[in-house]
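In: Below: sequence and its predicted model.
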Amino acid sequence: MSTNKFKVINFSGAYIDAKYVENVEKYPIERRTIVVNPEETDAYLNEANVSIIPSFSSTILEDTTIKKAKSLLLLEVVETKNIGNIVFEPGWDLLGNFPDTDFPKDVQLWKSPQDEAGIIEVDPYFMARQSSTPGHKEEFSVKVNLWYAPSHTDCAIHNQHDFLEIHTQVFGQGRMQKFKVKNFESLYEDLVMTEGYTQIVPFCQVHENQQYTYPWHQYYSDTDCIWMAIEYHPKKNSN
């Protein structure tokens, strides 16, 4: 594969420019950019002091060069003025308007189009920290989309996913929350998400046959928020 092979993610627009880059070598980052490492291996910067982006994490970079990485997701917030208008860009809609969902239509939770960034190999047990070292390789289709919610929005307590997921905060401040039962009063973990931060460990537990169990959880927006969901969908019959 050629180096620095990239694709523009389909939710890129006037407010956020998003790319997926594979086989990264000496890739320049000129403007302030959220750089997400979706791989189980570290990414390295080309600086005098050793600087890395650990697996399944992110940072904010500018005026530097990424020395080496398997793949990266790059998000540049191009415009912040009236950034809430991002929901009027093509393909965005209220979650309650999507087919096959019973999400309430009066909750202002907006979803962008989803795009497949690429296919990568990770050990899901290592990703979930059920193993201290990677060894059990499986192929996953990495799918990404943006979400938008105004301040103080509960984005629905749920516990069902047939994939692994982590999240990256793109704009504003929010929280990933865990609950003992489907009740706001049962909150037991409140993970603060500030701009440029990625939830390093997915909330799920990994089981055999590509099965995943999640606690009751939700996203909550402290301010007007944009965040990215990074979903790892297992390729069936992978080893």
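Out: Okay, I see it.
In: For residue 37, see how far away the residue of the chain most remote from its centre is.
Out: In the chain, the residue that sits farthest from the middle, by C-alpha atoms, centre = their mean, is residue 48; the gap is 29.3 Å. Residue 48 sits 21 Å away from residue 37, going by C-beta to C-beta, to the nearest Å. For the C-beta atoms, the positions are set from N, CA and C on the backbone; glycine is no exception.
In: what do you get for residue 153?
Out: With distances taken as C-beta to C-beta, residue 153 is found 28 Å from residue 37.
In: next one: residue 165
Out: 16 Å.
In: Could you do residue 20 as well?
Out: 12 Å.
In: ok, now residue 171?
Out: To residue 37, residue 171 is 20 Å away according to C-beta to C-beta.
In: Now do the contacts for residue 233.
Out: By C-beta atoms under 8 Å, 6 or more residues apart in numbering, residue 233 lies in contact with 140-143, 162-163.
In: Pull out the buried residues from the residues you listed.
Out: Using 16 or more other C-beta atoms under 10 Å as the burial test, the contacts of residue 233 include 140, 142-143, 163 as buried.
In: ok, residues contacting stretch 20-28?
Out: Under the criterion C-beta under 8 Å, 6+ apart, residues 1-7, 9, 43, 46, 64-74, 117-118, 144 lie in contact with stretch 20-28.
In: where in the chain is pLDDT low?
Out: Scanning the chain for pLDDT under 70 picks out 237-239.
In: per the record, what domains does it have?
Out: Residue ranges for the domains of the chain, per automatic domain parsing: 5-77, 83-234.
In: Show the end-to-end separation of the first one, please.
Out: The reference is to domain 5-77. With C-alpha to C-alpha, to the nearest Å applied, domain 5-77 spans 21 Å between its terminal residues.
In: Am I right that residue 84 falls within a helix?
Out: Yes. Counting by DSSP: H, G, I helix; E, B strand; the rest coil, residue 84 is located in a helix.
In: residues contacting the closest residue to it other than its chain neighbours?
Out: Nearest residue to residue 84, sequence neighbours excluded (C-beta to C-beta, 6 or more residues apart in numbering): residue 224, at 6.0 Å. The neighbourhood of residue 224, defined by C-beta under 8 Å, 6+ apart, consists of 83-84, 148-151, 171-172.
In: which of the residues you listed are buried?
Out: Members of the contacts of residue 224 classed as buried by 16+ other C-beta under 10 Å are 83, 148-149, 171-172.
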